[in-house]
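*Asks:* Return a 3D structure for these sequence lines:
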Amino acid sequence: MSIQAFISPQTQFYRLPEPYLLESGFDLPQVDVAYCTWGTLNADRSNAVLVCHALTGWAQADAWWGHLFGPGKALDPTRDFIVCSNVLGSCYGTTGPTSLNPATGRAYAADFPEITIRDMVRLQARLLDALGIDRLQLAIGGSLGGMQVLEWAMMFPERVGAIAAIAVSGRHSAWCIGLSETQRQAIYLDPLWQDGYYDPESPPAAGLAAARAIAMLTYRSWANFEERFGRQHANNNPNAPFTVTEYLQHHGRKIVDRFDANTYVTLTKAMDTYDLSRDRGDYPAVLEKIAQPTLIVGIESDVLYPPIEQQQLVEAIPNAKLAWLPSPHGHDGFLLDRDILDRFVVDFRAAHCANCEMSYK
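*Replies:* Residues are numbered from 1 along each chain as shown. The predicted structure is shown next:
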C-alpha cells in the first residue's frame, strides 16, 4: 500500500493564495491542504464540526473513525457538516517533507522547516475561512488531534462552541518527549537516512519500522499484550519467533508502506513543542481560560498520556467533563473502543450543543 492510496478521489485540495508564515519565521512559499467533508453546510453555517487526526492519520476520518459516523452518532452527516484536513507537515496531501520545494524543484525532505501544533491549527483556520465557516459547533480529536483541539480553544475561542479532547494532555511530558526522541534515533541510525536525504525508492525502512515498533509498545498496554500474546510462539512452534515479535514486525512493515521517515521526524518534533502554556503564562491559569464546554476522555490503561494528565485538565478547565474509557488496549483505545467513545460524544453533544437541529439521543 502506498502513501498515495490514502489520498482518495473524495479528498479535496485547497491552495493558499499567498505564502504561509510559520511560528519559526519561515515563509512556506506554497501550501496545499488536503481535506474531506461529509454532510452539507446549512444556510446559517452553524453546523460545522472539525475532526483532527492523530500522528499517522489522514483526512479520510471515516476510514479510521467510521464507528463515530452515521445518523444518530457522534458525527452525523445528516445533521453536521464535518471537515477533516490532513495536518501541515504530513505526507497525505497537505504540504510537508514529501512536497515539492518550489525553490529547488525537488522534495523538501530534511529541509522542511520545523513546525508547531499552532502552525497546524492556524492552517486549519485558513481552510475553514476558505470554506466560509466562521464558527465550529465542535472540534474533536484524539492524541495529536486532541492537541489541535485544545489549541483551537486557546487560539480561536470565538470560533469554537465546544471541544472534545481525547487521550491527550495539555503539554507534552518529558516521558513523551523521551519516547519520541528514541523513535527518531532509530530512524537516524538507519544507514539509508543520510541526514534526512534518501532515494524515495530506497527509504530508511529499517529505522522507520523500528520507530513504529517502539511506538506500538506505548500505544497498547501490558494487559493487552499479556492477554493477546503472552509467551506464545508463532504456530505454537517453540523454535519460531514470539507472536509479539511478529506483531511488532508486521506494524513496522505497514508503516514503511504508508508513511515517510522525514514526516515522522517532523510531526514528532512538532508534538514535542506542544505546551498550551507556552508564552501564555502559568499552566493551570492558562487552562482556566478555556471557557467552552469541554469533554476530556481519558483511557485508564494509557501509558503514553496517563490518567493523571486528563485529571489535571479537568481540574483546571472550568466547564470540563471527564469520561473514562475502560479500555484494556492502552492509548489506542480511542481508535479501538469506538462504540463507547461514540456514546460519550453523543451524550456530551446532547447536553452542550444547543444549536443542533436534531436530537442526539
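*Asks:* Let me see the contact set for residue 351.
*Replies:* residue 293 (Cβ atoms under 8 Å, 6 or more residues apart in numbering). In this view, the C-beta of every residue, glycine as well, is placed from N, C-alpha and C.
*Asks:* If you count neighbours, what's buried in the helix or strand harbouring it?
*Replies:* Using DSSP states H and E, residue 351 sits in helix 338-352. For helix 338-352, a neighbour-count test (16 or more other Cβ atoms under 10 Å) marks 338, 340-342, 344-349, 352 as buried.
*Asks:* Tell me which stretches of the stretch 1-150 of the chain form helices.
*Replies:* 61-64, 117-130, 144-155 (DSSP state H, counting those that start in this stretch).
*Asks:* Which strands or helices does the shortest one pack on?
*Replies:* With contacts taken as 3 or more Cβ pairs under 8 Å, 6 or more residues apart in numbering; DSSP states H and E, helix 61-64 sits against strand 32-38.
*Asks:* Identify the residue spatially nearest to the residue nearest to the spatial centre of the chain, adjacent ones excluded.
*Replies:* Taking Cα atoms, centre = their mean as the criterion, residue 54 is the residue nearest the geometric centre of the chain, at 1.8 Å. Nearest residue to residue 54, sequence neighbours excluded (Cβ to Cβ, 6 or more residues apart in numbering): residue 143, at 4.1 Å.
*Asks:* Got the confidence number for the one you found?
*Replies:* Per-residue confidence (pLDDT) for residue 143: 98.
*Asks:* quick one: it and residue 103, what's the gap?
*Replies:* Applying Cβ to Cβ, to the nearest Å, the value for residue 143 to residue 103 is 33 Å.
*Asks:* what about those two, which has more around it?
*Replies:* residue 143 (25 against 10; other Cβ atoms under 10 Å).
*Asks:* wait, that one sits on residue 334?
*Replies:* Yes - shown here, residue 143 and residue 334 form a contact pair, counting by Cβ atoms under 8 Å, at 7.2 Å.
*Asks:* Name whatever forms a beta bridge with residue 20.
*Replies:* When assigned by DSSP bridges, residue 20 has beta-bridge partners residue 28.
*Asks:* residues contacting it?
*Replies:* By Cβ under 8 Å, 6+ apart, the neighbours of residue 20 are 27-28, 31, 123, 126.
*Asks:* what's the closest of those residues to residue 311?
*Replies:* Checking these against residue 311 with Cβ to Cβ, the nearest one is residue 123 at 31.1 Å.
*Asks:* Any buried residues in stretch 288-299, and which?
*Replies:* By neighbour count with 16+ other Cβ under 10 Å, stretch 288-299 contains the buried residues 290, 292-299.
*Asks:* Let me know the closest of the contacts of residue 20 to residue 148.
*Replies:* So of those, ranked by how close each gets to residue 148 (Cβ to Cβ), first place is residue 123, at 10.3 Å.
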